[in-house]
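> what would the 3D arrangement of this be:
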Amino acid sequence: MRYFGQSNSILFHHRESSSRLLWGKRDESLILPLNDSVSVTLGIDEMHAKTTVALGPDFKSDRLWLNGKEQPVDNPRFLQLIKEIRRRSNIKNNEVTTWKVHICSENNFPTAAGLASSAAGYACLVYALAQVYKVHGNISSIARMGSGSACRSIYGGFTQWHAGTKPDGSDSFAKQLFPVEHWPELHIVILVVNDAQKKVASTSGMQQCVATSELLKHRIKECVQKHIDLMLKAIKEKNFGMFADVTMRESNQMHATCLDTFPPIVYMNDTSHAIVDFIHRYNKYHGEVKVAYTFDAGPNACLFVLENDVNELLAHVENTFPSFPGTENYTRGIPAEPKRILNMEIPSGYGEPHNPGLLKYIIHTKVGDGPSILKDPNEHLLSDNGLPTFLSTDSEKLN
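Numbering: from 1, shown residues only. A predicted model of the protein is given here:
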């Protein structure tokens, strides 16, 4: 029995205390947030996690492969998630639910680099497991057990994670606000500054922040609900100016709470700050907010821009943050046609171009759907024997 699918989410900066991931939890073991959050799911064609799940009576143990390497399955979050999936299974043959499971997953974008790989991976995993184990109903609360952000990534379009108030977390789950068709003009340009794993993991960073940041306490009390209300209104009315303003302010405040943590946590670097400066200069030159930035727990920027402004933005990004000569595939994802800009046409208000190579590459995507089923058997990541397709059938025996 096999199932496979793909999913991704990069969440905008409604950081109640965070953007893509929720910055601050009231219960770490149950992954319960301090407050609500809102997200937007990105297109799976450009950024996705792909997962194959297999059940078999001959499997000796649960096994997991991620991005070509086998991973331990004793992670408490993973074990809790699998246990809940099996508990809610509607498979009539109870014996099947006792079979061991093999899982193989891969991302087509950097993992643990502040680009919501855990949200994409766990959303895809839970969706696939739910198909195999015939789990019905809202599965976002199960995805939450693996990664808080994953509960929002179960859905496409625009989603709200309701923090809930019950100690057991039964009222902490996500619901879709609007489908992808609601605001198709909203596009996203991701500037990859560093695709290496970040030094301070999001989970430990949030724990430190909750324990030591006085600014975080102030944000939750005074700022969060106001920003959520404004963001919900902006999305409903497709008011980009309001959307952009809240997004950038939330990003700034999230990283301010990181600096207020003791000892301080620094996710953004000099290139990140150069991007922030560029965006504010860009908007000032145009006399209106054309672009918004948000930074998750990492140095990489996620820019929001309307479709009609994509080509111009990309042209100026490529000019201000040039690649090394001869670099191929610098801008990836949805095809675009950046306008050619002569030096004499570059507004002086944008600042001088930086040295080449500050960005590794650029990804252009848009609002997308949640997890989907891949129909082509050639897409499977597990062979019929339950081992990853990248392993030779003779190189490893099932054990």
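> how close does residue 292 sit to residue 309?
Going from residue 292 to residue 309 by C-beta to C-beta, to the nearest Å gives 11 Å. Yep, even glycine has a C-beta here, placed from its N, CA and C like the rest.
> okay, the two: which has more neighbours?
Comparing residue 292 with residue 309 by other C-beta atoms under 10 Å, the one with more neighbours is residue 292, at 25 against 16.
> strands of the stretch 201-350 of the chain, residue ranges please.
Ranges of strands within the stretch 201-350 of the chain are 291-295, 301-306, 331-333, based on DSSP state E, counting those that start in this stretch.
> in the first one, what's buried?
I take that to be strand 291-295. By 16 or more other C-beta atoms under 10 Å, the buried positions in strand 291-295 come out as 291-295.
> describe which strands that strand pairs with in its sheet and in which direction.
The strands beside strand 291-295 in its sheet (DSSP bridges) come out as strand 301-306 (antiparallel).
> can you dump the C-alpha atoms of the partner strand in PDB for me?
The C-alpha atoms that make up strand 301-306 are tabulated as PDB, following Å, rounded to 0.1, in the frame of the first residue of the first chain:
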ATOM      1  CA  ALA A 301      13.900  37.300   2.300                       C
ATOM      2  CA  CYS A 302      10.400  36.600   1.200                       C
ATOM      3  CA  LEU A 303       9.000  39.500  -0.900                       C
ATOM      4  CA  PHE A 304       5.400  40.000  -1.700                       C
ATOM      5  CA  VAL A 305       4.500  41.900  -4.900                       C
ATOM      6  CA  LEU A 306       1.500  42.200  -7.200                       C
END
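> which residues does stretch 168-177 contact?
27, 30-33, 38, 138, 140-141, 144, 151-152, 154-166, 232, 235 (C-beta atoms under 8 Å, 6 or more residues apart in numbering).
> need the helix or strand of this protein with the lowest average pLDDT.
Using mean pLDDT, DSSP states H and E, the weakest-scoring helix or strand in the chain turns out to be strand 2-7, at a mean of 45.
> separation between residue 38 and residue 175?
Counting by C-beta to C-beta, the gap from residue 38 to residue 175 is 11 Å.
> between these two, point out the one with more neighbours.
Neighbour count, other C-beta under 10 Å: between residue 38 and residue 175, residue 38 has more, with 26 against 14.
> point out where the protein drops to low pLDDT.
Low-confidence segments of the chain (pLDDT under 70): 1-26, 110-116, 198, 340-348, 392-399.
> do a quick rundown of the helices in it.
Under the criterion DSSP state H, the chain contains helices at 76-87, 117-133, 140-146, 150-153, 202-212, 214-218, 224-237, 240-260, 270-286, 310-320.
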